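1. Show me the folded form of this:
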Amino acid sequence: MSGIGDLGDSGDGGNISARGNAFAIEVAAVADFPVLAQMYLDLRRQTMTWVPPERFQYGDFAVHAEGETIHVARRGDGEILGFVSVWPADDFIHMLYVRESSQGKGAGTALLRALPGWPTHRYRLKCLVNNARATAFYLRHGFVVVGTGVSEEGDYDEMASEADDTHGAA
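-> Here you go, the predicted model:
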C-alpha cells in the first residue's frame, strides 16, 4: 500500500499524526485477526441497530475478508483503532471500520489515504443508507453515489471516489 501524505509510495504505510493522535498504518498481521474479528462484530452490532444482533457472528470476519488486502491504524501502544479491507481486483473497499472512541480523530481518513494511488485512483464501495454517519464520511472524502441496491442489511448506495484530495479529514 502507498504511504500517507509525505510518506510517498513506499508500500508499507507509516507513522502519522492526525488531529493530535499519533498512529501507524500498516498491513494487518495474522495475529491481528482475532482483534479485527471482534471489532467487526462489535461495530456492526452497534451501528446496524435495525438488524437483529444475532445475525452478526464472530466468524463473519474471516469469511468476509478472505482474499482481501487489510491495513490497520495502530496506536503507539499497539492498540488497533480501525481497519480497511479492499478487494484489489476491483478496487472495492469492502470494509472500513474505526472504533467508536477513535472516530472523528483521523484514523478513517488515514486508512483511505493509505490506499494505493489515493487520491488519484478511483475506488468503489457500498454504504448502507441507514448508516448516515458513514455516508457523510464518504461524501466528505470525495465519494459520490453512482447507484443503489438492496442487501440483507438494507438498502445501500453504490459509491465511487472522485479521485481527488480536496476533501476534509475525519
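2. If we go by neighbour counts, what in stretch 147-162 is buried?
-> For stretch 147-162, a neighbour-count test (16 or more other Cβ atoms under 10 Å) marks 153, 156, 157, 159, 160, 161 as buried. Any C-beta I mention is one placed from the backbone N, CA and C, and that applies to glycine too.
3. What about those, which are in strands?
-> Of the buried residues of stretch 147-162, the ones assigned to strands by DSSP state E are 156, 157, 159, 160, 161.
4. Find the pair from those with maximum spatial separation.
-> 156 and 161 (16.3 Å; Cβ to Cβ).
5. what's the residue most central in space within the chain sitting at in phi/psi?
-> The centre of the chain sits closest to residue 96, judged by Cα atoms, centre = their mean, with a distance of 1.9 Å. Here is the backbone geometry of residue 96 (degrees, to the nearest 10): phi -140, psi 110.
6. which residues touch it?
-> Residues near residue 96 by Cβ atoms under 8 Å, 6 or more residues apart in numbering: 82, 83, 84, 85, 108, 111, 112, 125.
7. what is the third one paired to in the beta sheet?
-> Taking DSSP bridges, one finds residue 71, residue 96 as the beta-bridge partners of residue 84.
8. now it: how far from residue 154?
-> Applying Cβ to Cβ, to the nearest Å, the value for residue 84 to residue 154 is 22 Å.
9. Contacts for the lengthiest helix in the chain next, please.
-> Looking across the chain with DSSP state H, the single longest helix is helix 33-47. The contact list for helix 33-47, computed with Cβ under 8 Å, 6+ apart, reads 28, 51, 53, 56-62, 64-65, 70, 72, 80, 82-83, 95, 97, 99-100, 131, 133-134.
10. Those residues in strands, which ones?
-> Among these, the residues falling in strands (DSSP E) are 70, 72, 80, 82, 83, 95, 97.
11. For burial, what's the neighbour tally of the fourth one?
-> Other residues within reach of residue 82, judged by other Cβ atoms under 10 Å, total 25.
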